[in-house]
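below is the sequence, then the predicted model.
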Amino acid sequence: MEWYLPVIWAALIGTAVALYVILDGFDLGVGILFPTAKTESERDLMMNSVAPFWDGNETWLVLGGGGLWVAFPQAYAVIMPAFYLPVILMLLALVLRGVSFEFRWVAKTSKKWWNLAFFGGSLAAGFFQGVILGGLIQGIAVRNGQFAGGAFDWATPFAALCGLGVVAGYGLLGATWLAMKTEGPVAERAREHAKLLLLLVLAFMAIVSVWTPIAFERIAARWFTAPNIFLLWPVPLVTAVVAWACWEWLEAKREVLPFLAVIALFLLGYLGIVISNYPYLVPPTLTVWQTAAHPSSQIFMLIGTLILLPIILGYIVFVYWVFRGKVREGEGYHS
Amino acid sequence: MEFDPQLLARIQFAFTITFHIIFPTFTIGLSAYIATLEVMWLRTGRDHYHLIARFWTKIFAVSFAMGVVSGIVLSYQFGTNWSRFSLVVGNVVGPLIGYEVLTAFFLEATFLGIMLFGGNRVPPWLHVFACIAVAVGTSMSAFWILSANSWMQTPVGHVMRDGIAYPADWLTIVFNPSFPYRLAHMLNAAYLTTSFVVLAVGARYLLAGRHVEQAKTMVRMAIGFAAIVAPLQLVIGDLHGLNTAKYQPIKIAAMEGHWDGTKPGDFHIFAWPDEKTETNRYALSIPKGGSLLITHDPNGLFPGLKSVPPRDRPPVPLVFFAFRLMVLIGLAMIGAAWIGLMLWRRGRLFDTRWFLLPSAHVWWAGFVAVIAGWVVTESGRQPWLVQGILRTADSLSPVPGSSIAASLALFVVVYGIVFSMGIYYINRLIVAGPGVSATAVSEHGLPSRPLSAAEEAAREALGQRS
Ligand code: HDD
Ligand code: HEM
Ligand code: HEM
């Protein structure tokens, strides 16, 4: 039990983070694409397509952060101070874009500012999430189980690259979401942007995949030694196939399939990162076992999670089902 | 320049949480009010109630968004600013917040979608259900977070090993001694605060002669409800204080400005507690009043501040004045609610200007009392962050003061903008009023015909919304 519990928790938190990235990813992506709209009513349509979901989507971020604290307090206590500034900037960006959902509808002359806040907030939130990811892969300076680095240790070209990669990825998710949920010029344009963004995302994935094994020995050792290499070579191959399928489906104007393909791309990228870093929660020093909470805390929380998570997933699916189909222009907000 | 990280982190936390608590106070109360209205609508079939519910739902949506985003900030601040705290008590406090996410946040955030946008996609009963789910979610959220906070005030059910708290008995932890009082007091505070906001809006309409029918319902519901919960708050607060006297006697001593525990305490209506001389200046007091309140015996003794060294005392004037402010507002609210009740019985509630005019302007009273109450609770616990276990000074993250200063400045700017615009927009929604009939909107996507000038104004104010 002592050995399994932290692994179960790591898997659960990993799932929460993956769900967060995919779900909030598409609504952040719609924000990132906001400037591509030509008219105010197109912007209304784009925002309406995500308005019923964004709050629930963001709750996965709270579960990811809260879960990390519950199950791995030591990791939480190291990671948060290490990424103090990017975390705070991400949160502030989320504040601005979150309130613009509601403020924009009531605003008259100041509407353009909330359009800007929605775009800028989504962009910055995605960017800093990527920076934090890059910073984690880079590794954190730890001494005596405490963060021992400087305030700007995270600020490297690699982290910036990851930031841009995540922005492109969210944009891609958002574009395929719009292609699926809207009609007319918004959907048309989203499809074109999706192709562009797909190429961009593949480029970022390729650069990161080359950069990390060169820069970080532990990651090279993970991928390029036997027997791992024999087990892991399909990962890049499957990624290529999925990307190709996504392109074809976009060309064929399929509605749902491109979105699903992008989700698969995200999961593959995520899998790659997990493979590179397992079992470290705070690379390259602290593992899931070293940072785990007391088993009593982990079990107390696990029981609740196993009972409640299926219920939560159930009603989330229900709400997505209620809002199934295309969003129509002028569809009543708050009606 | 050198920044003191501890001071800055405390200011930052106090600022962000004070900002946050404003919105839960309102959304807990308002979601319950909206759910009530929707149930009344479902049972009577009267559109009147639906109209009022839709009106408050728009205001709710704006407030809720501000509550959510400021709450997400807080949940991360435990790690960014108080990482030692996260480590020392994470095994105990963490799961309580984890349960909050699982039982409350997902519930409210998910059904919010249907509550706000699902009106014409689901049958009425399901919409009403969504409103109830959101209301239940907000109260559940209060349950868990207040359990966590109460454990920090009155920690039990754990064992300390190598300076880290480990859980021993979860039921004891969740239902720790101060929790029932704090939960009751805070939920009641939310209802009370909200009823005074509803009263203010209703009174404002009555004075202006607009939306009179809806305004009458609002004022009647608010007065009727406040007449019960306002005195109830006094009773709960008294019991809460008695419980605190048992578990956190120094906090009570600070609230009462009680220095010398060897004599019965006076109740100071006003005083200036002087921490240097350990006395009260300019005191206007009821002799032995403090003892009467705390021990329910005029000659009863309770510990004074001098029983602990100064380094173990909270900031006395802050706690002392915040407590008086809260109680003053509480008494004023009882007075206002009962005067309203009296006018109601005489049939003069809707045309008594001297009552409606002040009522229309004191919507903020409850919020001030809530913040004051939290200052009493939190500052009164100082210098401890977790009573008897962890001092605030030992809870800090290893983060340089300059980072905290920079982020504090950003918080002040961003929250300043968000708060002032939020208030401005809520006011605009109130000006627009419960205008457009909801059924007219849902059938045609647009109101079929403007029924009055006020409704025109409403549509204009709401822009593309309708
Ligand atoms: C008495 C009630 C209460 C108190 C003391 C707090 N909150 Fe809160 N919080 C709520 C009552 C609430 C709520 C009613 O559930 C909110 C407010 C509006 C809303 O959207 O939900 C909320 C929202 C909210 C959210 C967003 C939830 C979502 O995604 O829907 C988070 C992460 C937090 N809070 C976290 C905190 C933390 C870390 C607190 C303490 C330090 C805290 N809250 C104090
Ligand atoms: C929502 C209502 C709350 C309000 C208005 C509130 C208010 C405050 C204030 C004003 C301070 C600063 C006290 C001082 O420095 O003198 C503070 C500190 C603190 N409170 Fe609370 N608090 C609330 C709830 C909570 C909850 C629920 C928790 C934890 C579960 C919590 C944890 C803390 C922490 C970690 C500090 C920082 C240490 C400190 O500055 O003293 N608070 N709070
Ligand atoms: C009418 C007389 C009132 C009394 C005697 C009273 C009593 C108290 C006491 C003793 C505390 C501190 C508890 C502790 O930390 O140990 C407290 C806290 C608090 N009060 Fe009051 N109160 C009154 C009115 C109000 C009103 C009108 C509101 C708001 C509308 C309010 C909101 C709060 C809040 C939010 C707290 C902090 C949370 C808590 O510890 O419960 N109180 N009150």
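Looks like it arrived, so ask away. Residues are numbered from 1 along each chain as shown, chains lettered A, B, ... in the order given. Ligands and ions are numbered 1, 2, ... in the order given.

from here on, contacts and neighbour counts on C-alpha atoms
Fine.

contacting residues for B:Ile252?
B:Gly241, B:Thr244, B:Ala245, B:Gly380 (C-alpha atoms under 8 Å, 6 or more residues apart in numbering or on different chains).

output the below-cut-off pLDDT ranges for the chain.
Looking at chain A here, since you left the chain open. Counting by pLDDT under 70, the ranges of chain A that qualify are A:1, A:329-335.

my question was about chain B
B:1-2, B:436-466.

quick one, longest helix in it?
helix B:5-44 (DSSP state H).

which helices and strands does that one pack with?
Applying 3 or more C-alpha pairs under 8 Å, 6 or more residues apart in numbering or on different chains; DSSP states H and E, we find helix B:5-44 packed against helix B:47-81, helix B:124-153, helix B:179-208, helix B:365-381, helix B:401-432.

now, which of the contacts of B:Ile252 lie within helices?
Those of the contacts of B:Ile252 lying in helices (DSSP H): B:Gly241, B:Thr244, B:Ala245, B:Gly380.

if I've got this straight, B:Gly265 is in a strand?
No. Assignment of B:Gly265 by DSSP: H, G, I helix; E, B strand; the rest coil gives coil, placing it outside any strand.

and it, how close does it get to A:Ala75?
Here B:Gly265 is placed at a distance of 48 Å from A:Ala75 (C-alpha to C-alpha, to the nearest Å).

neighbour count for those two, which is higher?
Set side by side, B:Gly265 and A:Ala75 show more neighbours around B:Gly265, with 31 against 27, by other C-alpha atoms under 10 Å in any protein chain shown.

enumerate every residue touching the more buried one.
B:Glu256, B:His258, B:Pro287, B:Lys288, B:Gly289, B:Gly290, B:Ser291, B:Leu301, B:Phe302.

excluding its backbone neighbours, what's nearest the third one?
Spatially, and ignoring its direct neighbours in sequence, B:Pro287 is nearest to B:Asp266 (4.5 Å; C-alpha to C-alpha, 6 or more residues apart in numbering or on different chains).

thought the one you found was touching B:Lys288?
Yes. Look at B:Asp266 against B:Lys288 with C-alpha atoms under 8 Å: they come within range, at 4.1 Å.

quick check: residues of chain A near ligand 1?
Proximity of chain A to ligand 1 (C-alpha under 6 Å from any ligand atom) is limited to residues A:Asp55, A:Glu58, A:Thr59, A:Val62.

at 5 Å what do you get?
Within chain A, the positions near ligand 1 by C-alpha under 5 Å from any ligand atom are A:Thr59.

how close does the residue in chain A that ligand 3 sits nearest to get to chain B?
Chain A approaches ligand 3 most closely through A:Gly66 (22.9 Å), counting by C-alpha to the nearest ligand atom. A:Gly66 sits 6 Å away from chain B, going by C-alpha to the nearest C-alpha, to the nearest Å.

closest residue of the stretch 1-150 of chain A to ligand 1?
A:Thr59 (4.3 Å).

mind checking the SS state of that residue?
Per three-state DSSP, A:Thr59 ends up helix.

before we move on, the earlier item: how about the CA coordinates for the helix or strand harbouring the residue of chain A closest to ligand 3, as PDB?
Using DSSP states H and E, A:Gly66 maps to helix A:54-71. Extracted as PDB, the C-alpha positions of helix A:54-71 are listed here (Å, rounded to 0.1, in the frame of the first residue of the first chain):
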ATOM      1  CA  TRP A  54     -15.300  27.700 -18.800                       C
ATOM      2  CA  ASP A  55     -16.000  27.800 -15.000                       C
ATOM      3  CA  GLY A  56     -16.300  24.000 -14.800                       C
ATOM      4  CA  ASN A  57     -13.200  23.600 -17.000                       C
ATOM      5  CA  GLU A  58     -11.100  25.800 -14.700                       C
ATOM      6  CA  THR A  59     -12.200  23.800 -11.700                       C
ATOM      7  CA  TRP A  60      -9.800  21.100 -12.900                       C
ATOM      8  CA  LEU A  61      -7.000  23.500 -12.300                       C
ATOM      9  CA  VAL A  62      -8.100  23.900  -8.700                       C
ATOM     10  CA  LEU A  63      -8.300  20.100  -8.400                       C
ATOM     11  CA  GLY A  64      -4.800  19.700  -9.900                       C
ATOM     12  CA  GLY A  65      -3.300  22.300  -7.500                       C
ATOM     13  CA  GLY A  66      -5.400  21.100  -4.600                       C
ATOM     14  CA  GLY A  67      -4.700  17.500  -5.300                       C
ATOM     15  CA  LEU A  68      -1.000  18.100  -5.500                       C
ATOM     16  CA  TRP A  69      -1.200  19.800  -2.100                       C
ATOM     17  CA  VAL A  70      -3.300  17.000  -0.600                       C
ATOM     18  CA  ALA A  71      -1.300  14.100  -1.900                       C
END
